[in-house]
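[1] Model the following, please.
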Amino acid sequence: MDITASMVKELREKTDAGMLDCKKALTETQGDMQKAMEWLRTKGLMKAGQKASRVAAEGGVHSYIHMGGKIGVLVEVNCESDFVARGDLFKDFVKDLAMHIAATNPQFVRREEVPADRVERERALFAEEVKQQGKPAAVVDKIVGGKVDKWFAEICLLEQPFVKEPKTTVEQLRAEVTAKTGENVQIRRFTRYVLGEGIEKKQENFAAEIAKMVEAVKA
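    Residues are numbered from 1 along each chain as shown. Model prediction:
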C-alpha cells in the first residue's frame, strides 16, 4: 500500500511523533492508522505518552444512571486545563467511559492496582489448570502468562475492549484523546453501584437486563 503524505501528516497530528517515524509506522502496519499509533506507542515514539509526567488536576466527574436507576457510575477523568475539560471531545470521552463502566463492570483502572496476592493466586490457579491439561513444562509459563494477561483485560478498565469499538481498548482511546487535546488525560478512579448488590435476591431477570444494556451501549 502506498503511504501518502496526508496519511503521515494525520498520524503526526495524532501522535506528535517525527515524520520519519510516522512514515515507518504506517509502512510497518500497511497504512492502518490505529495500528500505526499502537506501533509508535510500543516503540516509545508516541509523544502523547510523554505528557503523562505533567500534572493533570483539572477535568471532571461524570455520573451515569442506567436501567431505570438500577446501575449507577461515577467516574473522574483528569486533564491539565479547564479549557480542555469544557471541550466536547473531553466531555464525550468521559460520558462514553461512564457508559462503558456501567456495561462491563471493571474492578480496577489499571493492572498496577490489582493486589499482588490476588495476582499470584490467579497465576497459581492458571498454572495448575495448564498442568492438568498435560502441557509440556517448557510452555507452561508462556501459556500461564497469556491467561494472566487475558484476566487483566477482563478486570482492568484500561485494558478492556471499548464497548462501542471492540477493536480499540480503553487505553488506546485515552491515548487518542491525549493526542488530540495535547494534554495529559488520565482516568483517575470510578465507582459502580448496582441496586441491591450484596443483598440476597433472585438474579435471573437482572442478568438478562445487564445483557440487554451491553447491547444497547454497543448500538
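
[2] from here on, contacts and neighbour counts on C-alpha atoms
    Fine.

[3] Report pLDDT for the residue most central in space within the chain.
    The centroid of the chain falls nearest to residue 170 when counting by Cα atoms, centre = their mean (2.1 Å). For residue 170, the model assigns a pLDDT of 95.

[4] do you know how far it is from residue 56?
    18 Å (Cα to Cα, to the nearest Å).

[5] returning to what we had before: what's near enough to touch the residue nearest to the centre of the chain?
    Counting by Cα atoms under 8 Å, 6 or more residues apart in numbering, residue 170 touches 157-162.

[6] go with 6 Å
    For residue 170, the contacting residues are 158, 160, 162, taking Cα atoms under 6 Å, 6 or more residues apart in numbering as the criterion.

[7] Out of these, who's the most crowded?
    residue 160 (25 neighbours; other Cα atoms under 10 Å).

[8] domain assignment for the chain?
    The chain is divided into the following domains under automatic domain parsing: 5-45, 54-105+164-218, 115-154.

[9] average model confidence for the first one?
    Regarding domain 5-45, the rounded mean pLDDT is 83.

[10] heads up, I number from 24, so please use that
    Got it, first residue is 24 now, which makes that one domain 28-68.

[11] Could you tell me the end-to-end distance of stretch 198-209?
    Stretch 198-209: ends 9 Å apart by Cα to Cα.
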